[in-house]
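> sequence isn't available, so here's the structure alone:
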């Protein structure tokens, strides 16, 4: 059995589209005997996670699975090798950098013996 890194993409529709479009990228590990089977397994995972609910603001929220957008076999991955990249474009550079640094500090505080 092999391991694959797969990226699932979801559309988050709030209040019947009366808000900005939101898309959620999810990176997952899938075990399978081949790439085609891993693709179908990932697609089934995404379809099973579609849901509709009412949020705390009393707005209808729909998570709609779009599809599997990337798949990589992990057997050939070496230590330190890049497996995913995503470029963000933001209006407020400093706020985004501070957000990233705060996330790193949370990881350090929760999981590491040094900070």
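Structure received. Predicted, not measured: the structure shown is a model, and the values here were computed from it.
> point to the residue nearest the middle of this protein.
residue 26 (1.9 Å; Cα atoms, centre = their mean).
> how far away is the nearest residue in space to residue 84 that is not next to it in sequence from residue 58?
Setting aside the residues directly before and after it, residue 84 is nearest to residue 27 in space (Cβ to Cβ, 6 or more residues apart in numbering), at 6.1 Å. In this view, the C-beta of every residue, glycine as well, is placed from N, C-alpha and C. Residue 27 sits 32 Å away from residue 58, taking Cβ to Cβ, to the nearest Å as the criterion.
> so which helix or strand takes in the residue nearest to the centre of the chain?
strand 22-32 (DSSP states H and E).
> strands of this protein, start to end?
2-14, 22-32, 51-54, 60-73 (DSSP state E).
> got the buried residues for the second one?
Neighbour counts using 16 or more other Cβ atoms under 10 Å place 30, 32 of strand 22-32 among the buried residues.
> so what does it touch, helix or strand wise?
If contacts are counted by 3 or more Cβ pairs under 8 Å, 6 or more residues apart in numbering; DSSP states H and E, strand 22-32 sits against strand 2-14, helix 35-48, strand 60-73.
> swap in 7 Å and give it another go.
strand 2-14, helix 35-48 (3 or more Cβ pairs under 7 Å, 6 or more residues apart in numbering; DSSP states H and E).
> list the contacts of that strand.
1-12, 38, 41-42, 45, 84 (Cβ atoms under 7 Å, 6 or more residues apart in numbering).
> buried among the residues you listed? Make that a ChimeraX selection.
Applying 16+ other Cβ under 10 Å to the contacts of strand 22-32, the buried members can be selected in ChimeraX as follows:
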select :4,5,6,7,8,9,10,38,41,42,45
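> contact partners for residue 90?
By Cβ under 7 Å, 6+ apart, the neighbours of residue 90 are residue 96.
> where does this structure dip in pLDDT?
Applying pLDDT under 70 to the chain flags the ranges 112-115.
> the same query, at a cut-off of 90, please.
The model of the chain has pLDDT under 90 over residues 14-22, 72-97, 99-100, 103-115.
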